[in-house]
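Undergrad: let me see the structure of the following:
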Amino acid sequence: MIDWARVALVFVFLFSFVTSGLADDLANVNTAKNLAVKLGYKLESHQITTKDGYILELHHIPPVHRSDSMKIKNIPVLLLPGVFQDSSAFLLKGETLSPGFILSKAGQNVWLYNARGTVRSRKHKWLMPEKDWEFWNFCFDELGNFDLPAVVDYILEETGENQLYMIGFSLGGAATSIFLAEHPSYNDKVDHIYLRRLDATVRDRKSVV
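TA: Numbers count the residues shown, from 1 in each chain. So this is what the prediction gives:
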């Protein structure tokens, strides 16, 4: 009987190995930093390490200066992209259509997540993605159980805030759901979540929505 999970893992490993050079070349064209700088925005890169050794690159766009008359909570906003996407997904549509820029202009403190395995988060303390299959042995569960606790803790510590907003698309939404379900203590640290095109199955739901 074919072990499809192992077949998928091998495919991802080989695809990453073959395209690693191409991915690096493309990453130098439309990186989140290039997109932000081109439009006059500041973008910071932060590195954090998860409990299982993955080194993630988190991007931060500080809020554009706003007047005191703007009644906006200074709560950090964490944007989580979908499968095969990185932080640039929230910046590709330009200043007027990209959520990252729109929120920054509105005075929000914007943080952008790069999931393990993406070009910007393809590092590990003791594994090498080009050589070690174990590096790629992860799924939604690891994103929710390891990536997001580390990311949320870092953002709250860095900003000095007690809560943040989470906006997840596709894979980002699935990871957020796992994160909050498996780590209920973090529910008090998340003010609101907004999930779109969620890659998950919801059972025993009581709401009509």
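Undergrad: strands of this protein, start to end?
TA: Counting by DSSP state E, one finds strands in the chain at the ranges 44-49, 54-61, 76-80, 109-112, 123-124, 164-169, 190-196.
Undergrad: closest to Glu182 out of the ones you listed?
TA: strand 190-196 (13.5 Å; Cβ to Cβ). Just so you know, the C-beta spots here come from the backbone N, C-alpha and C atoms, and that holds for glycine as well.
Undergrad: convert the closest one to CSV, retaining C-alpha atoms only.
TA: Below are the C-alpha coordinates for strand 190-196, written out as CSV (Å, rounded to 0.1, in the frame of the first residue of the first chain):
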residue,chain,number,x,y,z
VAL,A,190,-5.7,37.7,21.2
ASP,A,191,-8.2,40.5,21.0
HIS,A,192,-9.8,39.5,17.7
ILE,A,193,-9.1,37.0,14.9
TYR,A,194,-10.2,37.3,11.3
LEU,A,195,-9.8,34.2,9.1
ARG,A,196,-10.5,33.9,5.4
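Undergrad: from here on, count from 54
TA: Yep, numbering from 54; the last one is strand 243-249 now.
Undergrad: other SSEs contacting that strand?
TA: Packed against strand 243-249 by the contact rule (3 or more Cβ pairs under 8 Å, 6 or more residues apart in numbering; DSSP states H and E) you find strand 217-222, helix 224-235.
Undergrad: Phe109 against Ser174, yeah?
TA: You called it Phe, but residue 109 is Leu. Yes: taking contacts as Cβ atoms under 8 Å, Leu109 lies within contact range of Ser174: 4.4 Å.
Undergrad: what is in contact with those two at once?
TA: 167-168 (Cβ atoms under 8 Å, 6 or more residues apart in numbering).
Undergrad: hang on, the earlier thing: columns mean pLDDT and distance to Tyr207 on top of the strands of the chain, output as TSV?
TA: Shown next, in TSV, are the strands of the chain (pLDDT from 0 to 100; distance: least, Cβ to Cβ, whole Å):
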stretch	mean pLDDT	distance to Tyr207
strand 97-102	96	5
strand 107-114	96	7
strand 129-133	96	10
strand 162-165	96	9
strand 176-177	96	16
strand 217-222	94	11
strand 243-249	90	15
